[in-house]
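Q: return a 3D structure for these sequence lines:
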Amino acid sequence: MAYSAREVTRLAALDVGQAARLLSEVRSATLAGQRAPVPPRPVIEASWGRMLRRGVDPDHDVRADPLGRDEIERRRQDSPLRQVLPVLREGLLSVADVAHHIMVVADADGRILWREGSAPVLRKADGLGFEPGADWGEGVVGTNGVGTPAVTRRPVQVFASEHFVRSHASWTCTGAPITDPRDGRLIGVVDVSGPLETMHPATLAWVESVARLAEARLRETHLNALERLRAVAAPLLARLGGRAVAVDKDGWTAAVTGMPYTGRVALPASLGPGRCLLPALGPCTVEPLPGGWLIRAADAPAPAQVTRIVLDVSHPRRWSVTVFGDTGSWTHELSPRHAELLYLLALHREGRTAAALASDLFGDPARTVTVRAEMSRVRRYLGAFLEHRPYRFRESAEVDLLPPDDPNDLLPHSTAPGVVRARRTRTWG
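A: Residues are numbered from 1 along each chain as shown. Reported below is the predicted structural model:
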């Protein structure tokens, strides 16, 4: 019986083994330049053509060196996909585990950052090098559910011998790209994979719908962040003369004064506080805000230096940092971890190395990766007033620490050795 490419997918839902054998014949004939019993699906045929042009060997499993643990963690912290992991887990993991699948989340480079799901399938994936840190870009491992959606920018299901490399033919993979809803930039791929007998045609629509939910969450997160920045910036802008704009760290506009609204201001990659030249505004001065920047065109008066930072840990369950400047003040509420970090830096004005902070926080000086990741987040809203090597407040900043009256009320959630030591020795502020 003759089949079309579309009918092969239907056949796979009824008889996985027969469909896999047919696709094996299709692959062998196509790669040998012969007439195949069924033409490959267009998306698969196009991918195979790219692999042949790139010289990818269909009969050898080639693997790039996986990333080290520190680099994986750095990419995880920097990836916008971290914000939508709960959406992906809720939408995919419960079904994936029952259906003997795993969920894989990769960045735009094809590097696997997260991998969760059925334990037996995870062990099988290890044998293919389908593991955190591995490069599953199409140009490295051939047609697959991570690399191919990243190239085509569309959801793709790759079943059995539709994989270009022969050793992957025992798997079924379904991936969908996740793009930044602000500008359409690819930020990664979510993939559901498992043994070929777990193939189901509906998986493609399922994975695609969850990817779209993740993009909707990213859009919501962006709008909420802009609204928080606007709430801080609006009172400051109201007191200014001339042209000024408040933008997030990527240049998206939260509020403006004295100039027409524009959705985004192009920022240099290494923007920092002080004077700079921006194509859209000309000479400017830049001040940090929680989650972004206050940019003032040169026709506005230059800002004075910030004179005071107040770290308030006087309440048992609510902590904040307030920055006072010439345009007014702004306050940022602190998470428990950031309250610990800033408290330790206020207590040790001479500064702390990453290893010393790791020892203060965890009792383990080797946990510098976690410290650096958290300090990177702190610097998003307080970076203009912090130095590193060692980490410390800038000498020009006047730092006021407001401790609680009772040392037992100092960050009572905290088990950090540095905080516990301050409580015990009653040198808490």
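Q: residue nearest the centroid of the protein?
A: Centroid-nearest residue in the chain: S79, 1.7 Å away (criterion: C-alpha atoms, centre = their mean).
Q: can you pull the contacts of that residue?
A: 107, 113, 187-188 (C-beta atoms under 8 Å, 6 or more residues apart in numbering). From N, CA and C alone the C-beta is placed, and that goes for glycine too.
Q: could these be laid out in JSON lines, adding distance to S24 and secondary structure?
A: Shown next, in JSON lines, are the contacts of S79 (distance: C-beta to C-beta, whole Å; DSSP: H, G, I helix; E, B strand; the rest coil):
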{"residue": "D107", "distance to S24": "32", "secondary structure": "strand"}
{"residue": "L113", "distance to S24": "32", "secondary structure": "strand"}
{"residue": "I187", "distance to S24": "35", "secondary structure": "strand"}
{"residue": "G188", "distance to S24": "31", "secondary structure": "strand"}
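Q: mind checking which of these are buried?
A: Buried subset of the contacts of S79 (neighbour count, 16 or more other C-beta atoms under 10 Å): 107, 113, 187-188.
Q: can you list the weak-confidence ranges in the stretch 1-150 of the chain?
A: 1-16, 97 (pLDDT under 70).
Q: how about 90 then?
A: 1-41, 54-56, 59-65, 70, 93-100, 118, 139 (pLDDT under 90).
Q: ranges for the strands of it?
A: 102-107, 112-117 (DSSP state E, counting those that start in this stretch).
Q: out of those strands, nearest to A214?
A: A214 sits nearest to strand 102-107 of all the strands of the stretch 1-150 of the chain, at 9.6 Å, using C-beta to C-beta.
Q: in its sheet, which strands sit next to the closest one, and in what direction?
A: Strand 102-107 has its sheet partners listed here by DSSP bridges as strand 112-117 (antiparallel), strand 186-195 (antiparallel).
Q: who are the packing partners of the helix or strand containing R421?
A: Secondary structure from DSSP states H and E places R421 in helix 417-425. Judged by 3 or more C-beta pairs under 8 Å, 6 or more residues apart in numbering; DSSP states H and E, helix 417-425 is in contact with helix 336-347, helix 354-362.
Q: avg pLDDT for it?
A: Mean pLDDT, helix 417-425: 90.
Q: list the buried residues for that helix?
A: 418-419, 422-423.
Q: please apply the same query to stretch 352-364.
A: 352, 354, 356-362.
Q: try stretch 267-282
A: 267, 271, 273, 276, 278, 281.
Q: ok, the last one - contacts?
A: Think L281. L281 neighbours (C-beta under 8 Å, 6+ apart): 243, 245, 265, 295, 297.
Q: tally of neighbours for the fourth one?
A: It refers to I295. Using other C-beta atoms under 10 Å, I295 has 26 neighbouring residues.
Q: for it, helix, strand, or coil?
A: I295 falls in the strand class when you classify it by DSSP: H, G, I helix; E, B strand; the rest coil.
Q: is it bridged to anything, and to what?
A: Bridge pairing for I295 - DSSP bridges - gives V245, V286.
Q: what sits against A373?
A: 73-74, 77.
Q: and L52, how far from P149?
A: Using C-beta to C-beta, to the nearest Å, we find L52 at a distance of 20 Å from P149.
Q: compare these two (neighbour count), which wins?
A: Legend: neighbour count by other C-beta under 10 Å for L52 and P149, higher for P149 (31 against 14).
Q: picking up where we left off before, and among the strands paired with strand 102-107, the most buried is which?
A: strand 186-195 (a mean of 25; mean count of other C-beta atoms under 10 Å).
Q: what's the first helix or strand after it?
A: Counting by DSSP H and E, what follows strand 186-195 is helix 203-238.
Q: tell me the buried residues in that following helix?
A: Going by neighbour count (16+ other C-beta under 10 Å), the buried part of helix 203-238 is 203-204, 206-208, 210-211, 214-215, 217-218, 222, 225-226, 228-229, 232-233, 236-237.
Q: cool, stretch 82-97 as well?
A: Here stretch 82-97 shows 84-85, 87-89, 91-93, 96-97 as buried, counting by 16+ other C-beta under 10 Å.
Q: quick check: closest non-adjacent residue to E350.
A: Using C-beta to C-beta, 6 or more residues apart in numbering and skipping the chain neighbours, the partner closest in space to E350 is R392 (6.8 Å).
Q: and the one you found, how many neighbours does it have?
A: 18.
Q: tell me the secondary structure at it.
A: The local conformation at R392, judged by three-state DSSP, is strand.
Q: what's near enough to touch it?
A: Here R392 is in contact with 345, 348-352, 386 (criterion: C-beta under 8 Å, 6+ apart).
Q: most neighbours out of the residues you listed, which is it?
A: Those, ranked by neighbours (other C-beta under 10 Å): first place L345, 26 neighbours.
Q: that one reaches F393, doesn't it?
A: Yes. Counting by C-beta atoms under 8 Å, L345 touches F393, with 6.0 Å between them.
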